[in-house]
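Chemist: Structure, please.
(one chain, ligands or ions: 1)
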Amino acid sequence: MSFLGVKQLNALQQKKNIITPFNSKRVKNGAYELSLGGEVYLTDSKDGKVEYLSPENRQVDINPGQFALLLTKETVNIPNDKIAFISIKASEKLKGLVNVSGFHVDPGYHDNLLFSVYNAGPSCIVLNLDEPYFPIWFADLNEELTEEEAYNNNNVHFKKMDHINPKYIESLKRGELTSPKAIVDKIKEGENQVNEKFIRLEEKTDRNDWLLKILIGIVFAICLKLIWDWSAFDRGFEQGKKSEKFINEIQSEVLKTLPDSVVVYKIDSILAERNGTKKAK
Ligand SMILES: Nc1ccn([C@H]2C[C@H](O)[C@@H](COP(=O)(O)OP(=O)(O)OP(=O)(O)O)O2)c(=O)n1
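Modeler: Below you'll find the model as predicted:
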(Lines give C-alpha, C1' and ligand atoms only; values in the text may rest on other atoms or scores of the structure.)
Protein backbone atom coordinates (compact mmCIF):
# COMPACT_ATOMS: atom_id res chain seq x y z
CA MET A 1 0.00 0.00 0.00
CA SER A 2 1.36 3.40 -0.98
CA PHE A 3 -0.05 6.86 -0.44
CA LEU A 4 -0.84 9.13 -3.37
CA GLY A 5 1.32 12.18 -3.93
CA VAL A 6 0.13 15.55 -5.20
CA LYS A 7 0.38 14.69 -8.92
CA GLN A 8 -1.36 11.35 -8.47
CA LEU A 9 -4.08 12.97 -6.41
CA ASN A 10 -4.73 15.63 -9.04
CA ALA A 11 -4.70 12.98 -11.75
CA LEU A 12 -7.16 10.84 -9.80
CA GLN A 13 -9.41 13.85 -9.38
CA GLN A 14 -9.38 14.38 -13.15
CA LYS A 15 -10.15 10.72 -13.78
CA LYS A 16 -12.55 9.74 -10.99
CA ASN A 17 -13.78 13.01 -9.48
CA ILE A 18 -12.81 11.93 -5.99
CA ILE A 19 -13.69 15.26 -4.29
CA THR A 20 -16.64 17.55 -5.07
CA PRO A 21 -16.27 20.52 -5.16
CA PHE A 22 -12.54 20.38 -5.82
CA ASN A 23 -10.09 23.26 -5.39
CA SER A 24 -6.52 22.50 -6.50
CA LYS A 25 -5.19 25.01 -3.91
CA ARG A 26 -6.49 22.68 -1.21
CA VAL A 27 -4.03 19.94 -2.15
CA LYS A 28 -1.26 20.29 0.38
CA ASN A 29 1.51 18.00 1.59
CA GLY A 30 0.05 15.05 -0.29
CA ALA A 31 -3.38 15.54 1.31
CA TYR A 32 -6.55 17.30 0.28
CA GLU A 33 -7.91 19.68 2.92
CA LEU A 34 -11.66 19.23 3.22
CA SER A 35 -13.63 22.13 4.63
CA LEU A 36 -16.43 22.66 7.11
CA GLY A 37 -19.86 22.50 5.47
CA GLY A 38 -23.17 24.08 6.35
CA GLU A 39 -24.39 21.72 9.08
CA VAL A 40 -23.12 21.36 12.62
CA TYR A 41 -24.58 20.06 15.84
CA LEU A 42 -23.33 21.20 19.24
CA THR A 43 -24.14 19.27 22.41
CA ASP A 44 -24.76 22.54 24.26
CA SER A 45 -27.13 23.78 21.56
CA LYS A 46 -30.06 25.53 23.26
CA ASP A 47 -32.84 24.10 21.11
CA GLY A 48 -31.12 20.72 20.59
CA LYS A 49 -31.24 21.16 16.82
CA VAL A 50 -28.76 21.19 13.95
CA GLU A 51 -27.26 24.60 13.27
CA TYR A 52 -27.09 25.74 9.66
CA LEU A 53 -24.09 27.84 8.69
CA SER A 54 -24.27 30.36 5.87
CA PRO A 55 -22.16 33.27 4.58
CA GLU A 56 -24.07 35.45 7.08
CA ASN A 57 -23.63 32.97 9.91
CA ARG A 58 -20.25 31.39 9.31
CA GLN A 59 -18.98 30.70 12.77
CA VAL A 60 -19.41 27.79 15.13
CA ASP A 61 -18.19 27.90 18.75
CA ILE A 62 -17.30 24.57 20.33
CA ASN A 63 -17.22 25.18 24.06
CA PRO A 64 -14.86 23.33 26.42
CA GLY A 65 -16.16 19.88 27.29
CA GLN A 66 -18.67 19.83 24.44
CA PHE A 67 -19.09 17.44 21.52
CA ALA A 68 -19.85 18.59 18.00
CA LEU A 69 -20.87 16.88 14.78
CA LEU A 70 -19.34 18.60 11.76
CA LEU A 71 -20.38 17.78 8.22
CA THR A 72 -17.83 18.39 5.47
CA LYS A 73 -18.70 20.68 2.60
CA GLU A 74 -17.26 18.22 0.07
CA THR A 75 -18.38 14.77 -0.87
CA VAL A 76 -15.66 12.20 -1.32
CA ASN A 77 -15.78 9.39 -3.83
CA ILE A 78 -13.34 6.64 -2.93
CA PRO A 79 -12.50 4.31 -5.84
CA ASN A 80 -12.69 0.58 -5.13
CA ASP A 81 -8.89 0.24 -5.37
CA LYS A 82 -8.25 3.05 -2.86
CA ILE A 83 -8.71 3.66 0.82
CA ALA A 84 -8.54 7.10 2.47
CA PHE A 85 -7.43 8.32 5.86
CA ILE A 86 -8.82 11.40 7.52
CA SER A 87 -7.73 13.64 10.36
CA ILE A 88 -8.11 17.14 11.79
CA LYS A 89 -5.46 19.81 11.30
CA ALA A 90 -2.93 20.02 14.11
CA SER A 91 -3.61 23.76 14.57
CA GLU A 92 -7.11 22.86 15.83
CA LYS A 93 -6.04 19.70 17.64
CA LEU A 94 -3.42 21.66 19.57
CA LYS A 95 -6.23 23.83 20.96
CA GLY A 96 -7.74 20.68 22.41
CA LEU A 97 -10.02 19.49 19.59
CA VAL A 98 -10.13 15.70 19.53
CA ASN A 99 -11.27 13.70 16.51
CA VAL A 100 -13.56 11.08 18.01
CA SER A 101 -15.07 9.62 14.87
CA GLY A 102 -12.36 7.39 13.47
CA PHE A 103 -9.89 7.93 10.72
CA HIS A 104 -10.56 5.88 7.63
CA VAL A 105 -12.88 6.06 4.61
CA ASP A 106 -13.73 2.76 2.99
CA PRO A 107 -13.18 1.83 -0.64
CA GLY A 108 -16.43 2.55 -2.48
CA TYR A 109 -17.63 5.21 -0.03
CA HIS A 110 -19.34 8.09 -1.81
CA ASP A 111 -20.76 10.83 0.40
CA ASN A 112 -19.96 13.71 2.74
CA LEU A 113 -17.94 12.92 5.83
CA LEU A 114 -19.25 13.50 9.31
CA PHE A 115 -16.70 14.30 12.00
CA SER A 116 -17.51 13.85 15.63
CA VAL A 117 -15.20 16.06 17.68
CA TYR A 118 -14.72 16.84 21.35
CA ASN A 119 -13.25 19.99 22.84
CA ALA A 120 -10.90 18.66 25.50
CA GLY A 121 -9.19 22.06 25.83
CA PRO A 122 -9.86 24.83 28.31
CA SER A 123 -11.14 27.41 25.84
CA CYS A 124 -13.79 27.78 23.16
CA ILE A 125 -12.69 26.52 19.73
CA VAL A 126 -14.04 28.57 16.84
CA LEU A 127 -14.49 27.04 13.38
CA ASN A 128 -15.74 28.74 10.24
CA LEU A 129 -17.78 27.70 7.25
CA ASP A 130 -15.69 26.73 4.18
CA GLU A 131 -12.41 26.80 6.11
CA PRO A 132 -10.09 23.78 5.61
CA TYR A 133 -9.85 21.65 8.76
CA PHE A 134 -9.95 18.00 7.64
CA PRO A 135 -7.01 16.57 5.65
CA ILE A 136 -7.66 13.38 3.67
CA TRP A 137 -4.96 11.08 2.26
CA PHE A 138 -5.57 8.52 -0.44
CA ALA A 139 -3.78 5.21 -0.52
CA ASP A 140 -3.64 2.41 -3.11
CA LEU A 141 -5.01 -1.00 -2.26
CA ASN A 142 -3.13 -3.96 -3.70
CA GLU A 143 -6.27 -4.96 -5.57
CA GLU A 144 -9.53 -3.43 -6.72
CA LEU A 145 -12.50 -4.53 -4.65
CA THR A 146 -15.68 -5.74 -6.31
CA GLU A 147 -18.94 -3.83 -5.72
CA GLU A 148 -19.85 -6.57 -3.25
CA GLU A 149 -16.58 -6.17 -1.35
CA ALA A 150 -16.47 -2.39 -1.36
CA TYR A 151 -18.63 -0.03 0.68
CA ASN A 152 -22.17 -0.59 -0.58
CA ASN A 153 -25.81 -0.31 0.36
CA ASN A 154 -25.42 -3.03 2.99
CA ASN A 155 -23.46 -0.51 5.01
CA VAL A 156 -25.21 1.71 7.52
CA HIS A 157 -24.10 5.10 6.22
CA PHE A 158 -24.31 4.32 2.50
CA LYS A 159 -25.45 7.54 0.79
CA LYS A 160 -26.91 8.93 3.98
CA MET A 161 -24.25 11.39 5.06
CA ASP A 162 -25.39 14.41 3.09
CA HIS A 163 -27.11 15.60 6.29
CA ILE A 164 -26.52 15.08 9.98
CA ASN A 165 -28.66 12.09 10.78
CA PRO A 166 -31.07 12.87 13.71
CA LYS A 167 -30.23 9.48 15.25
CA TYR A 168 -26.72 10.74 16.13
CA ILE A 169 -28.19 13.89 17.66
CA GLU A 170 -30.63 11.82 19.70
CA SER A 171 -27.81 9.72 21.16
CA LEU A 172 -25.81 12.84 22.03
CA LYS A 173 -28.84 14.51 23.60
CA ARG A 174 -29.54 11.63 25.96
CA GLY A 175 -28.62 12.51 29.54
CA GLU A 176 -26.28 15.13 30.82
CA LEU A 177 -22.81 15.46 29.35
CA THR A 178 -20.37 14.41 32.04
CA SER A 179 -17.36 16.20 30.65
CA PRO A 180 -14.65 17.45 33.03
CA LYS A 181 -15.79 21.01 32.22
CA ALA A 182 -19.42 20.12 33.05
CA ILE A 183 -18.23 18.56 36.34
CA VAL A 184 -16.14 21.63 37.20
CA ASP A 185 -19.15 23.85 36.38
CA LYS A 186 -21.36 21.69 38.63
CA ILE A 187 -18.80 21.88 41.45
CA LYS A 188 -18.62 25.68 41.06
CA GLU A 189 -22.42 25.91 41.03
CA GLY A 190 -22.57 23.77 44.20
CA GLU A 191 -19.83 25.89 45.79
CA ASN A 192 -21.76 29.09 44.99
CA GLN A 193 -24.97 27.61 46.43
CA VAL A 194 -23.16 26.57 49.63
CA ASN A 195 -21.57 30.04 49.90
CA GLU A 196 -24.94 31.75 49.43
CA LYS A 197 -26.52 29.49 52.08
CA PHE A 198 -23.62 30.17 54.43
CA ILE A 199 -23.99 33.95 53.97
CA ARG A 200 -27.75 33.69 54.59
CA LEU A 201 -27.08 31.57 57.69
CA GLU A 202 -24.57 34.14 58.97
CA GLU A 203 -27.09 36.96 58.44
CA LYS A 204 -29.73 34.92 60.28
CA THR A 205 -27.32 34.21 63.15
CA ASP A 206 -26.53 37.96 63.36
CA ARG A 207 -30.24 38.77 63.50
CA ASN A 208 -30.78 36.10 66.16
CA ASP A 209 -27.84 37.50 68.16
CA TRP A 210 -29.48 40.91 68.14
CA LEU A 211 -32.83 39.45 69.13
CA LEU A 212 -31.19 37.53 71.98
CA LYS A 213 -29.42 40.68 73.19
CA ILE A 214 -32.67 42.65 73.09
CA LEU A 215 -34.47 39.83 74.93
CA ILE A 216 -31.76 39.70 77.62
CA GLY A 217 -32.05 43.52 77.97
CA ILE A 218 -35.83 43.30 78.41
CA VAL A 219 -35.55 40.46 81.00
CA PHE A 220 -32.87 42.44 82.86
CA ALA A 221 -35.05 45.58 82.88
CA ILE A 222 -38.05 43.57 84.18
CA CYS A 223 -35.92 42.03 86.96
CA LEU A 224 -34.61 45.47 87.96
CA LYS A 225 -38.17 46.80 88.09
CA LEU A 226 -39.32 43.83 90.19
CA ILE A 227 -36.43 44.27 92.64
CA TRP A 228 -37.14 48.01 92.87
CA ASP A 229 -40.87 47.41 93.36
CA TRP A 230 -40.16 44.75 96.00
CA SER A 231 -37.89 47.12 98.02
CA ALA A 232 -40.41 49.94 97.54
CA PHE A 233 -43.04 47.76 99.21
CA ASP A 234 -40.69 47.10 102.13
CA ARG A 235 -39.82 50.76 102.39
CA GLY A 236 -43.49 51.73 102.23
CA PHE A 237 -44.36 49.16 104.82
CA GLU A 238 -41.69 50.52 107.21
CA GLN A 239 -42.79 54.06 106.52
CA GLY A 240 -46.39 53.06 107.17
CA LYS A 241 -45.42 51.43 110.43
CA LYS A 242 -43.53 54.57 111.49
CA SER A 243 -46.47 56.81 110.56
CA GLU A 244 -48.90 54.60 112.43
CA LYS A 245 -46.72 54.68 115.53
CA PHE A 246 -46.41 58.43 115.26
CA ILE A 247 -50.18 58.85 114.92
CA ASN A 248 -50.73 56.51 117.84
CA GLU A 249 -48.34 58.54 119.98
CA ILE A 250 -50.09 61.77 119.04
CA GLN A 251 -53.45 60.21 119.70
CA SER A 252 -52.40 58.98 123.14
CA GLU A 253 -50.93 62.42 123.91
CA VAL A 254 -54.11 64.04 122.78
CA LEU A 255 -56.26 61.64 124.78
CA LYS A 256 -54.10 62.27 127.82
CA THR A 257 -54.44 66.01 127.56
CA LEU A 258 -57.98 66.15 126.18
CA PRO A 259 -59.96 65.29 129.46
CA ASP A 260 -57.98 67.83 131.51
CA SER A 261 -58.56 70.60 129.10
CA VAL A 262 -62.19 69.60 128.80
CA VAL A 263 -62.48 69.70 132.66
CA VAL A 264 -60.65 73.03 132.82
CA TYR A 265 -62.88 74.30 130.06
CA LYS A 266 -65.93 73.04 131.95
CA ILE A 267 -64.76 74.56 135.24
CA ASP A 268 -63.96 77.81 133.48
CA SER A 269 -67.30 77.90 131.88
CA ILE A 270 -69.02 77.00 135.20
CA LEU A 271 -67.01 79.70 136.95
CA ALA A 272 -67.80 82.19 134.28
CA GLU A 273 -71.45 81.30 134.53
CA ARG A 274 -71.40 81.72 138.31
CA ASN A 275 -69.59 84.98 138.15
CA GLY A 276 -72.09 86.18 135.71
CA THR A 277 -75.08 85.26 137.84
CA LYS A 278 -73.48 86.89 140.92
CA LYS A 279 -72.94 90.13 139.13
CA ALA A 280 -76.51 90.01 137.95
CA LYS A 281 -77.80 89.64 141.52
N1 LIG B 1 -15.44 10.66 10.58
C2 LIG B 1 -15.94 9.83 9.70
C3 LIG B 1 -15.47 8.53 9.60
C4 LIG B 1 -16.03 7.69 8.64
N5 LIG B 1 -17.00 8.16 7.86
C6 LIG B 1 -17.61 7.36 6.84
C7 LIG B 1 -16.55 6.76 5.95
C8 LIG B 1 -16.57 5.34 6.26
O9 LIG B 1 -16.28 4.58 5.12
C10 LIG B 1 -17.98 5.14 6.71
C11 LIG B 1 -18.15 3.94 7.57
O12 LIG B 1 -17.24 3.98 8.57
P13 LIG B 1 -17.13 2.74 9.53
O14 LIG B 1 -16.93 1.49 8.71
O15 LIG B 1 -16.11 3.04 10.54
O16 LIG B 1 -18.58 2.79 10.16
P17 LIG B 1 -19.58 1.64 10.63
O18 LIG B 1 -18.92 0.32 10.56
O19 LIG B 1 -20.12 2.10 11.92
O20 LIG B 1 -20.78 1.76 9.62
P21 LIG B 1 -20.92 1.13 8.15
O22 LIG B 1 -21.89 0.03 8.29
O23 LIG B 1 -21.49 2.27 7.35
O24 LIG B 1 -19.54 0.70 7.69
O25 LIG B 1 -18.29 6.30 7.42
C26 LIG B 1 -17.47 9.44 8.01
O27 LIG B 1 -18.37 9.84 7.32
N28 LIG B 1 -16.92 10.25 8.92
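
Chemist: roughly how far apart are the residue nearest the centre of the chain and the ligand?
Modeler: Geometric centre of the chain, nearest residue: Glu189, 4.0 Å, by C-alpha atoms, centre = their mean. Distance from Glu189 to the ligand, counting by C-beta to the nearest ligand atom, to the nearest Å: 34 Å. In short, each C-beta sits where N, CA and C put it, glycine included.

Chemist: what does the stretch 101-250 of the chain have sitting close to the ligand?
Modeler: Within the stretch 101-250 of the chain, the positions lying close to the ligand (C-beta under 6 Å from any ligand atom) are 101-102, 105-106, 109, 113-115, 151, 155-157, 161.

Chemist: From those, which one has the minimum pLDDT?
Modeler: Minimum pLDDT for those is recorded at Gly102 (79).

Chemist: residues in contact with the residue lying closest to that residue once chain neighbours are set aside?
Modeler: Distance criterion C-beta to C-beta, 6 or more residues apart in numbering; nearest residue to Gly102, sequence neighbours excluded, is Ile86 at 8.0 Å. Residues near Ile86 by C-beta atoms under 8 Å, 6 or more residues apart in numbering: Leu34, Asn99, Gly102, Phe103, His104, Val105, Leu113, Phe115, Phe134, Pro135, Ile136, Trp137.

Chemist: where does this structure dip in pLDDT?
Modeler: For the chain, the stretches flagged by pLDDT under 70 are 174-182, 258-267, 277-281.

Chemist: ranges for the helices of the protein?
Modeler: 6-16, 90-93, 166-173, 180-280 (DSSP state H).

Chemist: circling back: as JSON lines, the residues of the stretch 101-250 of the chain next to the ligand with distance to Leu129 and neighbour count would be great.
Modeler: Listed next are those as JSON lines, based on distance: C-beta to C-beta, whole Å; neighbours: other C-beta atoms under 10 Å:
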{"residue": "Ser101", "distance to Leu129": "20", "neighbour count": "16"}
{"residue": "Gly102", "distance to Leu129": "24", "neighbour count": "10"}
{"residue": "Val105", "distance to Leu129": "22", "neighbour count": "22"}
{"residue": "Asp106", "distance to Leu129": "27", "neighbour count": "17"}
{"residue": "Tyr109", "distance to Leu129": "24", "neighbour count": "23"}
{"residue": "Leu113", "distance to Leu129": "16", "neighbour count": "22"}
{"residue": "Leu114", "distance to Leu129": "16", "neighbour count": "21"}
{"residue": "Phe115", "distance to Leu129": "14", "neighbour count": "22"}
{"residue": "Tyr151", "distance to Leu129": "28", "neighbour count": "20"}
{"residue": "Asn155", "distance to Leu129": "29", "neighbour count": "13"}
{"residue": "Val156", "distance to Leu129": "27", "neighbour count": "7"}
{"residue": "His157", "distance to Leu129": "23", "neighbour count": "14"}
{"residue": "Met161", "distance to Leu129": "18", "neighbour count": "18"}
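
Chemist: does Ala122 really touch Gly65, like I thought?
Modeler: Heads up, residue 122 is Pro, not Ala. No. In this structure, Pro122 is not within contact of Gly65 by C-beta atoms under 8 Å, at 9.4 Å.

Chemist: Compare the two (neighbour count), which wins?
Modeler: A count of neighbours by other C-beta atoms under 10 Å puts Gly65 above the other of Pro122 and Gly65, at 22 against 12.

Chemist: Quick check: the more buried one vs Asp44, distance?
Modeler: Distance of Gly65 to Asp44, given as C-beta to C-beta, to the nearest Å: 9 Å.

Chemist: before we move on, what about Asp140?
Modeler: 42 Å.

Chemist: do the same with Ile19
Modeler: The spacing between Ile19 and Asp44, counted by C-beta to C-beta, is 32 Å.

Chemist: what about those two, which has more around it?
Modeler: Remark: of Ile19 and Asp44, Ile19 carries more neighbours, 22 against 17, as counted by other C-beta under 10 Å.
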